[in-house]
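Enquirer: Got a predicted structure plus its sequence, pasted below:
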Amino acid sequence: MLLGFSTGSLALGNVRLGLQMVEGTPTAAIELSALREKELVPLIESLESLDLEQFSYISVHAPSRLERMSEDEVVSLLETVALRGWPIVVHPDVVTTFDIWHRLGDRLCLENMDKRKSTGRTACELATFFERLPDATLCFDIGHARQIDPTMCEADMILRRFRERLQQIHLSLVNSASGHEPLNYESILAFRRVAHLLPDGVPIILETPVRSNEIQSEIAKVAWLTG
């Protein structure tokens, strides 16, 4: 199982601390988070100096909202990530000028959204983006899908429709306020309803905000979920 964490869930806004927290743990995947616009330039500038030897899978999460930067500026920065061959997780509602995002090719990885967003939440809404960005892949956020539809029927539809695009999985409990929390028994039972649709070897990125001494126990929960 290729498993890891988002640096943003472990150490908000501090990629280096997030990496330090998973050092020596059985994590072979990492998502370098620049979820906030102001974090993107510092992340790009730090890539050469980060110790990433532990990881066989690396992705980057792009800003979830653009206020000061244009799409062209953001994509120009992200092109340096794409050249490394790393997937770039992007929220669909950030994409308004499709021709610009075409430049990322199959490194562009669109994520299904939670209830706060106006699009990208369902299989039908995602389809409109994949039609215009045919090379893009999917970051399937199980917690978002469960929040949108607790029966997990929408999760089932997303996976069956876009399984061949699946690049990575986001895993956490997403509460009613759209906050990420550690996995609990109820969320694990719900996630097990679609676990059989997840191909072997697809990286699982935990977005659970846990402390250093809780990392091993959170990993154990995933082992039970996928077992």
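Expert: The structure has been received and is ready for your questions. Residues are numbered from 1 along each chain as shown.

Enquirer: Please report how far the residue nearest the centre of the chain lies from residue 67.
Expert: In the chain, the residue lying closest to the centroid (CA atoms, centre = their mean) is residue 170, at 4.8 Å. According to CB to CB, to the nearest Å, residue 170 stands 23 Å off from residue 67. From N, CA and C alone the C-beta is placed, and that goes for glycine too.

Enquirer: what's the answer for residue 201, then?
Expert: The spacing between residue 201 and residue 67, counted by CB to CB, is 37 Å.

Enquirer: now do residue 196
Expert: Spatial separation of residue 196 from residue 67 under the definition CB to CB is 41 Å.

Enquirer: what's the answer for residue 40, then?
Expert: Going from residue 40 to residue 67 by CB to CB gives 12 Å.

Enquirer: Please identify which of the two sits among more neighbours.
Expert: residue 40 (22 against 8; other CB atoms under 10 Å).

Enquirer: That one belongs to a strand, doesn't it?
Expert: No - per DSSP: H, G, I helix; E, B strand; the rest coil, residue 40 lies outside any strand segment and is helix.

Enquirer: Quick check: pLDDT value at it.
Expert: Predicted confidence (pLDDT) for residue 40: 98.

Enquirer: Just the element for the closest residue to residue 27 other than its chain neighbours, please.
Expert: Nearest residue to residue 27, sequence neighbours excluded (CB to CB, 6 or more residues apart in numbering): residue 4, at 4.3 Å. Using DSSP states H and E, residue 4 falls within strand 3-6.

Enquirer: Report all helices and strands that that strand contacts.
Expert: helix 15-22, strand 29-33, strand 204-206, helix 215-226 (3 or more CB pairs under 8 Å, 6 or more residues apart in numbering; DSSP states H and E).

Enquirer: those strands in the chain, which residues are they?
Expert: Here the chain has its strands, by DSSP state E, at 3-6, 29-33, 57-61, 88-90, 108-111, 137-141, 166-171, 173-174, 180-181, 204-206.

Enquirer: can you count the residues close to residue 163?
Expert: Going by other CB under 10 Å, the residues that sit close to residue 163 add up to 14.

Enquirer: hmm, I was thinking of residue 135
Expert: 13.

Enquirer: Now for residue 210: which residues touch it?
Expert: By CB atoms under 8 Å, 6 or more residues apart in numbering, the contact set of residue 210 is 9, 10, 182, 217, 218.

Enquirer: Go ahead and confirm residue 65 touches residue 40.
Expert: No - counting by CB atoms under 8 Å, residue 40 is not a contact partner of residue 65; they are 11.5 Å apart.

Enquirer: Could you name every residue contacting both of the two?
Expert: With CB under 8 Å, 6+ apart, residue 65 and residue 40 have no common neighbours.

Enquirer: Tell me the spacing between residue 81 and residue 44.
Expert: Distance from residue 81 to residue 44, by CB to CB: 7 Å.

Enquirer: The two - which one has more neighbours?
Expert: Shown here are residue 81 and residue 44; by other CB under 10 Å, residue 81 has more neighbours (23 against 18).

Enquirer: How about the more buried one: what's its closest non-neighbour residue?
Expert: Nearest non-adjacent residue to residue 81 (CB to CB, 6+ apart): residue 60, at 4.9 Å.

Enquirer: that older thread, and the helices and strands packed on strand 3-6 as JSON lines, adding mean pLDDT and mean neighbour count?
Expert: Output for the helices and strands packed on strand 3-6, formatted as JSON lines (pLDDT from 0 to 100; neighbours: other CB atoms under 10 Å):
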{"stretch": "helix 15-22", "mean pLDDT": "98", "mean neighbour count": "18"}
{"stretch": "strand 29-33", "mean pLDDT": "98", "mean neighbour count": "26"}
{"stretch": "strand 204-206", "mean pLDDT": "96", "mean neighbour count": "25"}
{"stretch": "helix 215-226", "mean pLDDT": "85", "mean neighbour count": "16"}
